[in-house]
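J.: just to be clear, the model below is a prediction. Sequence and coordinates:
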Amino acid sequence: MKSLRYGGLVAAVLMVTTACAGAGGGGGAENSINVLMVNNPQMQDLQKLTADNFTKDTGITVNFTVLPENDVRDKISQDFSSQAGQYDVATISNYETPIYAENGWLTPLDDYVAKDTGFDQDDVLEPIRQSLTAADGKVYAQPFYGESSFLMYRKDVLDAKGLAMPEKPTWPQVADIAAAVDGAQPGMKGICLRGQPGWGQLMAPLTTVVNTFGGTWFTKDWQAQLNAPEFKQATEFYVDLVRAHGEAGAPQAGFAECLNNMTQGKVAMWYDATVAAGLLEADDSPVKGKLGFAQAPVVKTDSSAWLYTWAFGIQKASKKADNAWKFVSWASGKGYEELVGKTLGWSRLPDGKRKSTYQRPEYLAAGGSFAKQAEAAIAGAKPTDPGVQERPVSGIQFVGIPEFTDLGTQVSQKISAAIAGATTVDAALDESQALAETVAEKYRGK
Amino acid sequence: MRRLLGLAAWAAGLLFFAPVAWMVLTSLHSEPDAATNPPSLAAPITFDGYAEFFDSNPWPPLVNSLSASIGSTVLVLLLAIPAAYALSIKKVEKWSDVLFFFLSTKMLPVVAGLLPIYLVAQYTGMLDNISFLVVLYTSMNLPIAVWLMRSFLAEVPGEILEAAALDGAGLVTTLRRVVAPVALPGIAATSLICFIFSWNELLFARVLTGVVAGTAPVHLTGFVTSQGLFLAKVCAAAVVVSLPVLVAGFAAQDKLVQGLSLGAVK
Amino acid sequence: MTALREVEAPAGPTPPVRTGQLAAAARWARRAPLLPALIFTIVVTQLPFVATLVISLMRWNSLDPANRGFAGLDNYTAVFTDPDLRSAIGVTVVLTATVVLVSLVLGLGLALLLDRRFFGRGVVRTMLIAPFLVVPVAAALLWKHALYNPEYGLFNGVLTWLFGADAPQPEWIGGMPLLAVEASLVWQWTPFMMLILLAGLQSRPQDAVEAARIDGATAWQVFRYLTLPHLRQYLELGALLGSIYVVQNFDAVFTITSGGLGTANLPYTIYQTFYQAHDYGQASAAGVVVVLGSIVIATFALRVVSSLLREEVRA
């Protein structure tokens, strides 16, 4: 009995030691690479297709770590900033790319692109390529998919009320329509707008509204403008609209919640990322075919759509940059789009990054009404000039400085509280102004 | 009255269990059925959520979690039992200060030490290595284990120890005949608690592991996505990841009650 | 090390030379079993804090690698003037106190219910401990998405069942964010408290209770004057262990509210400074301040601990 117990103990220890022996440090086997990705549907598809295609063709094994957006950003910044080299490739956006490149954390890709004739860099949409280029003029990441923002609405609901959506609506028009269709069906609200804290959640659509209302986070000479009249007016408009005619649970609603609301017919309109359209028009979606799409609503500017891309960057500390490039080139290439189209369906293409995508007849047939709208929105995005005034750095729905993740998140928490009714917009923006001013001060001194 | 109290206990039990039952039920529904209002209790049962979970290659993370939990629990016991002995049976001077020191390390915010720990792991090449998690989990559980084990050993009757010593019984015999019977339920309870806390740990695992040494809770969070529905598969993953702890806890609940009573059970 | 070798000396054939040496050897022999655990704990838990202390004096933002250097006390100035950190302290205190007290009271009630015989007691106990055995991050995800979600969560679903399509559909997280986090934690910690208190109840000397009953004591009197005093150290143990874990809670806040709506506690706030602001210097300074604060509170907790120890000496 006693010896039995002792035996169990020894077995456990042995088991652990063997497990430890199996677990080498970062890096892994010679012919493998480690990839850290955000858990979006397009990446899940990529993960499923890699072994049977990329690995089979090249012999390179790809180890994925897939995490939700908040977690993955923390982990990427940790690994890249310390250049720990655990991951050879990671999904980074057009926000991180120039900042990471400037800090020397990314491998420049120009040489690889030049040698890899099949990749066709010129096919990548210009605003996307531009947004992944650092100050030194080199490209540091390749897009996996790109997106802009636009307004999605239930054509059937608007028709039933005798309303028509203009091709290029203004925000006051959208607010009127939202009021008119609020309650058009039992339990249906007028519009879904993100309210979940996070610089990439609430702050993204709100900042595009601020831009088109004539506001900005910072002036050219780094004066914080968060409690300036335009910023305040835009925020009040957004908060009032979502409180009056917005979705239930707005202070916690992000992209996923709004997608569900729209799918389940709980809202009549939704202003968000263009990638949502593909999910709403998917075969098993109950609202398939009932949707209309309009450009991002404006006030004082011509357009207000954002520009965003999930792209692959290669860590500078990676010892397997050549193999890493092969993966990036495969995943971002035309061939992969073809593969997804043929095996998983053309509506699941990681789109919004290449001109050639919008010349594929099968894709246009599947993408229907939204594909061209999305392309136009992306092509028309102006990251360096998104508002009515000059900006100190580029970025439409964000400010391209490292401090923005923290600043944007803290501000979004205060505005989310205003959406919840726990504070007023005035109070939220006055507190936010103080935070932004601290950041601005740092840059004024530079 | 008696009946009423029994009913109240049943009501409370069902109330506390309801979220767990809901988790299991949701895990057996399709994604659209899992996201309806009012909830669809009678929606068709499907194992799609589980299929997705097992398609995601969950075995390495599960094995990692098991290694880290068992490894650290064993290490904790090896360190804690002698320490508890020196704090209860053959007491060192200022033993209560030492005990307090152990406990005080639990009150320091783990997150404040995260950066130095990460840097150490990076420079020693221990990032993404289960052994490193074993060490951290051991330090995380050791204070509680010392505390609990000391309480159990303090129940060993001193007179019997002295009598055994007078009889000329060796240390091993004393340990086996006198200490072990009192200490074993305590060891069982302590091991279970250490196992549970190691298995559940997320912060260290998230920060310090990658493709090789990722643990089950980290793998679980990977099912959350900000685009698309995920409730059913997250619930399926949560059920599977919680299963080892649930089984161990259910099986050993008597030991747990007995052990937590600090060896005072008559 | 020399001291350890001397331990073996008395066992040898030569008699000990000096009694002082013997006493020292005996002391070290007593300490020997303690040392591995003690040294391990010091190395793994204390050294990182020394490093934290050093980093807290540095200007170090990982997103700005060029600008690293000695900052003096700047980070501490930033910490003490940061309103978010002040509110985080308040949140941590409220969160910990609420969760621990409510779980203790509920746990006590459940333990008392379970202490008597009734049909299916084992099943009820098994159901009651289940929440403690669910992986915390799974529990947090469950509460956020499957229970609280205003559109398809169980809570609002039940309201729809009960009151039809016009049922109120409160926004659990948006409307009562801190309460939402607390409820999920209470759900997880009540079973733990119940287990400890149940253990206490079952170790209660039955003869005293019987004697009191024969003397005509009411159930309340038995509870007030016999059970509760006996349970005191178990209540204290529960409070102590509960506080230690709830104070550190990160998973629930990170998952349920992402620190929004005034629910950011200290661990989350420091984490945010690390991972969103990447300000290693300031995060470390905040860490040091929190450590100092914890020591003050810990010293207070020591009184609880020492009362536990005194009880034992008396017993």
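T.: Good, I have the coordinates.

J.: where does chain A dip in pLDDT?
T.: Chain A contains residues with pLDDT under 70 at A:1-29.

J.: ok, and the closest non-adjacent residue to the residue nearest to the spatial centre of it?
T.: Residue closest to the mean C-alpha point of chain A, counted by CA atoms, centre = their mean, is residue A:308 at 5.4 Å. Spatial nearest neighbour of residue A:308, chain neighbours left out: residue A:147 (5.1 Å); criterion: CB to CB, 6 or more residues apart in numbering or on different chains. Every residue, glycine included, has its C-beta placed from N, CA and C.

J.: which strand or helix spans the one you found?
T.: For residue A:147, the host element (DSSP states H and E) is strand A:141-154.

J.: who does that strand pair up with?
T.: strand A:267-273 (antiparallel), strand A:291-295 (antiparallel), strand A:307-314 (antiparallel) (DSSP bridges).

J.: downstream neighbour of the last one in the secondary structure list?
T.: Of the helices and strands lying after strand A:307-314 in sequence (DSSP H and E), the nearest is helix A:321-332.

J.: equivalent analysis for the first one, please.
T.: Where DSSP H and E defines the elements, the next helix or strand beyond strand A:267-273 is helix A:275-280.

J.: what's that next one packed up against?
T.: Contacts defined by 3 or more CB pairs under 8 Å, 6 or more residues apart in numbering or on different chains; DSSP states H and E place helix A:275-280 against strand A:141-154, helix A:255-263, strand A:291-295, helix A:361-380.

J.: deepest of those, which one?
T.: strand A:141-154 (a mean of 26; mean count of other CB atoms under 10 Å in any protein chain shown).

J.: ok, residues contacting the helix or strand following that strand?
T.: Heading C-terminal from strand A:141-154, the first helix or strand you meet, by DSSP H and E, is helix A:155-160. For helix A:155-160, the external contacting residues (CB atoms under 8 Å, 6 or more residues apart in numbering or on different chains) are A:164, A:165, A:177, A:181, A:184, A:185, A:188, A:268, A:290, A:291, A:292.

J.: can you say which of these are buried?
T.: With neighbours counted by 16 or more other CB atoms under 10 Å in any protein chain shown, those contain buried members at A:165, A:177, A:181, A:184, A:188, A:268, A:290, A:291, A:292.

J.: nearest to chain B, of those?
T.: Using CB to the nearest CB, residue A:188 comes nearest to chain B of the buried ones among the contacts of helix A:155-160, at 13.2 Å.

J.: isn't the closest one right up against residue A:178?
T.: No: with contact defined as CB atoms under 8 Å, residue A:188 does not reach residue A:178; the gap is 11.0 Å.

J.: which of the strands paired with strand A:141-154 sits closest to residue C:286?
T.: Closest to residue C:286 of the strands paired with strand A:141-154 is strand A:307-314 (CB to CB; 30.3 Å).

J.: run the angle between the closest one and helix A:361-380 for me.
T.: Put simply, strand A:307-314 runs at 100 degrees to helix A:361-380, going by axes from the mean of the first three to the mean of the last three CA atoms, to 10 degrees.

J.: CA atoms of strand A:307-314 as PDB?
T.: Only the C-alpha atoms of strand A:307-314 are listed here, as PDB (Å, rounded to 0.1, in the frame of the first residue of the first chain):
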ATOM      1  CA  LEU A 307      -8.700  51.900 -42.900                       C
ATOM      2  CA  TYR A 308      -7.600  48.800 -41.100                       C
ATOM      3  CA  THR A 309      -5.600  45.700 -42.000                       C
ATOM      4  CA  TRP A 310      -4.500  42.700 -40.300                       C
ATOM      5  CA  ALA A 311      -1.100  42.000 -41.700                       C
ATOM      6  CA  PHE A 312       1.800  39.600 -41.200                       C
ATOM      7  CA  GLY A 313       5.100  41.100 -39.800                       C
ATOM      8  CA  ILE A 314       8.300  39.100 -39.300                       C
END
